[in-house]
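**Student:** Sequence and predicted structure are below.
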Amino acid sequence: MYSFAQTVKKEFLVLYKFRWVTYSFVSSNLKMRYKRSVIGIFWSMLGPALNYLIMGLVFSLLAKNSMPNYFAYLFSGAAFYNLMAAVINNGPYVFIHNEGYIKKIYLPKSLFVVNLVLMETINFMFSVGTLLLLGLIFNQYELSLSWLILPFVVLFAILFVFGLACILGVTCVYFRDINHILPLVMQASFFATPILYAVEALPENYQKLVRLNPFYYFVETFRSPIFLGQLPPLSDLGIVIGLSLLSFVIGLIVLKLFDNKIIFKL
C-alpha cells in the first residue's frame, strides 16, 4: 500500500512537471475543434442544450411520460453519462493517436490520459453549466445546498473513467478489435442506464439487473441533488467511491506495467 501511494505521488509530480504540455494540448485542441466557427466554443453550450431539448420533447411526447420535470430528469442524467461515455469511447485511441509523440520524445503515458479526461471535462462543464442555468431560469429545479456535493461526484467520475481509459488504451495497443466492440457496448449501456426512463418504471427483476450497471450509481448520485434537491443515498455514494478508487488503482497499475512496452506495439 505504501509502495502504491509512493507511485501515485511520483506520478502526480511528473504530471505537474509537464503541466504546460497539458495546457498547450487542451487549448490547441479547443481552438482546432471550433476553428472558423462564428460562435466558437459556445457550441459546447448550445449544442448539448438543443440536443437534450429535442430528446426531451420526443420522449416526453411519444412515450407520454407522466414524470414531472422530465427535462430536468433527462438533462441531469444524460449530461453526466455523456462525460463518462466520451472519455471511455476515446480511451482506446489515447496512445494510438499520440504515437508520434510517444516515439519521438519522452512524455509520461498518463499525460495523454489526463489530456483526454481534461478535454472532455471542460466540454462537460460548459454544457452542464448551460443546462443548469436554463433549468433554473425555467423553474425545472431549485438551487439547494445539496448541489455542493456535485464537484465531488464529478471528481470520482473522473477517477473512474481515468482508470478505464488507461486500461482501454493499453488493451487497444495489443487488440485493435476493441475499437469496433466498445461503441456497441456503450450504446447498449446508455439504454441500460435509467437516463430516458425511471428505474422504478421497470419490473422488479429488471430493476435488479439495472443496479448491476456501474453507470447507474454515477448517474443517480449526480442526478439526486439536481432533480430531487437532496443528497444521494450513502449506499450509492459509497459504491461510487469504491468503483472510482478501484478503477483508478487498477488502471494506474496496468499503465505502469506496460509503460515501457507500449512503444514497441504501436
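**Tutor:** Nice, I can see it.

**Student:** in stretch 113-127, what's buried?
**Tutor:** 113-124, 126-127 (16 or more other Cβ atoms under 10 Å). Placement of C-beta: from N, CA and C, glycine included.

**Student:** send the alpha carbons of that stretch over as PDB?
**Tutor:** Extracted in PDB, the C-alpha atoms of stretch 113-127 (Å, rounded to 0.1, in the frame of the first residue of the first chain):
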ATOM      1  CA  VAL A 113      -4.900  10.100 -20.500                       C
ATOM      2  CA  VAL A 114      -5.100  13.200 -18.400                       C
ATOM      3  CA  ASN A 115      -5.300  15.300 -21.600                       C
ATOM      4  CA  LEU A 116      -8.300  13.300 -22.800                       C
ATOM      5  CA  VAL A 117     -10.100  13.400 -19.400                       C
ATOM      6  CA  LEU A 118      -9.400  17.100 -19.000                       C
ATOM      7  CA  MET A 119     -10.600  17.900 -22.500                       C
ATOM      8  CA  GLU A 120     -13.900  16.100 -22.100                       C
ATOM      9  CA  THR A 121     -14.400  17.500 -18.600                       C
ATOM     10  CA  ILE A 122     -14.100  21.100 -19.900                       C
ATOM     11  CA  ASN A 123     -16.700  20.300 -22.600                       C
ATOM     12  CA  PHE A 124     -18.900  18.900 -19.800                       C
ATOM     13  CA  MET A 125     -18.500  21.900 -17.600                       C
ATOM     14  CA  PHE A 126     -19.600  24.200 -20.500                       C
ATOM     15  CA  SER A 127     -22.600  22.100 -21.400                       C
END
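
**Student:** Now Phe95: closest residue in space that isn't a chain neighbour?
**Tutor:** Nearest residue to Phe95 in three dimensions, chain neighbours excluded: Gly169, at 4.9 Å (Cβ to Cβ, 6 or more residues apart in numbering).

**Student:** Now that neighbour: which helix or strand?
**Tutor:** helix 150-174 (DSSP states H and E).

**Student:** what's the average pLDDT for that helix?
**Tutor:** For helix 150-174, the per-residue pLDDT values average out at 95.

**Student:** what does stretch 21-36 give?
**Tutor:** Rounded mean pLDDT across stretch 21-36 is 77.

**Student:** now it: how far from the chain's centre is it?
**Tutor:** For stretch 21-36, the separation from the chain centroid amounts to 19 Å (computed by Cα atoms, centre = their mean, to the nearest Å).

**Student:** Tell me the buried residues in it?
**Tutor:** Val21, Thr22, Phe25, Val26, Leu30.

**Student:** ok, so what distance separates His180 from Cys172?
**Tutor:** Between His180 and Cys172 the distance is 11 Å, computed by Cβ to Cβ, to the nearest Å.

**Student:** Neighbour count for the two, which is higher?
**Tutor:** When His180 and Cys172 are compared for neighbours, Cys172 comes out ahead with 20 against 9, by other Cβ atoms under 10 Å.
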